[in-house]
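Participant: Quick one: sequence and predicted model below, then my questions.
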Amino acid sequence: MEYKVIQFKQFLQENKLKVADLPEPIQEKIDIFYRLHALLETIQEPDFQELLEQVEQLDIEIQEDIEEEYEEHLTNNEYPSIVKRPENTPKKTIKGKSDAMIVEELVKMRRTTNIRRSKLINMGIKTKLKGDTRIGNHLLKRTSFFYYRYNIIPLKEE
């Protein structure tokens with residue numbers, strides 16, 4: 001069966017990036033992608049179409065994560081050769097703010113749905129985010145099985 005070009009793979013080749021140079025969470029997603037991609041050879045309709053859609057969505061998600069990781073090197077949506085960010089170079093963070101304060105600001109801005117884990121980390125969240133995570137008076141509820149995206153849900157005060 002024929003599949004379209006793997007976008008993140010093409011992106012890596014064009015920018016002379018290696019999977020081993022990517023952050024570990026992206027490497028894990030790529031591993032999951034290839035496992036699911038291999039299943040496409042063995043699965044029959046009607047499950048094939050559903051799995052194909054999931055694989056294509058994961059491909060897009062991985063490319064978005066890679067682009068976000070290296071966004072400071074991209075200009076005008078062109079993909080020049082990307083220089084690997086040195087390990088000790090800090091990301092932009094909101095200094096001096098607690099995780100609860102950052103979540104409160106997101107709530108005040110009404111940015112409470114479909115927030116990427118990488119965006120939260122870039123904003124300065126220090127709490128380890130995996131599944132559902134409580135921060136202050138809010139719950140960061142993971143909304144997807146394959147992706148690290150969260151909705152912020154206020155917790156009722158008891």
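Facilitator: That came through, no problem.

Participant: okay, CA-based contacts and neighbour counts for the rest of this
Facilitator: Noted.

Participant: nearest residue to the residue nearest the centre of the chain other than its sequence neighbours?
Facilitator: Note on the chain: the residue nearest the mean C-alpha position is Asp65, at 4.7 Å, using Cα atoms, centre = their mean. Distances taken as Cα to Cα, 6 or more residues apart in numbering put Ile26 closest to Asp65, at 7.1 Å, once the chain neighbours are dropped.

Participant: in what helix or strand does the one you found lie?
Facilitator: helix 24-39 (DSSP states H and E).

Participant: mind checking how far whichever helix or strand comes after that helix is from the chain centre?
Facilitator: Following helix 24-39 in sequence order, the next helix or strand is helix 47-69 (DSSP H and E). Centroid separation for helix 47-69 versus its chain: 11 Å, with Cα atoms, centre = their mean, to the nearest Å.

Participant: Kindly report the same for stretch 118-137.
Facilitator: On Cα atoms, centre = their mean, the centre of stretch 118-137 falls 13 Å from that of its chain.

Participant: which parts of that stretch are buried?
Facilitator: Ser118, Leu120, Ile121, Asn122, Met123, Gly124, Ile125, Leu129, Thr133, Arg134, Ile135 (16 or more other Cα atoms under 10 Å).

Participant: try stretch 24-43
Facilitator: Buried residues in stretch 24-43, defined by neighbour count with 16+ other Cα under 10 Å: Ile26, Lys29, Ile30, Phe33, Leu36, His37, Leu40.
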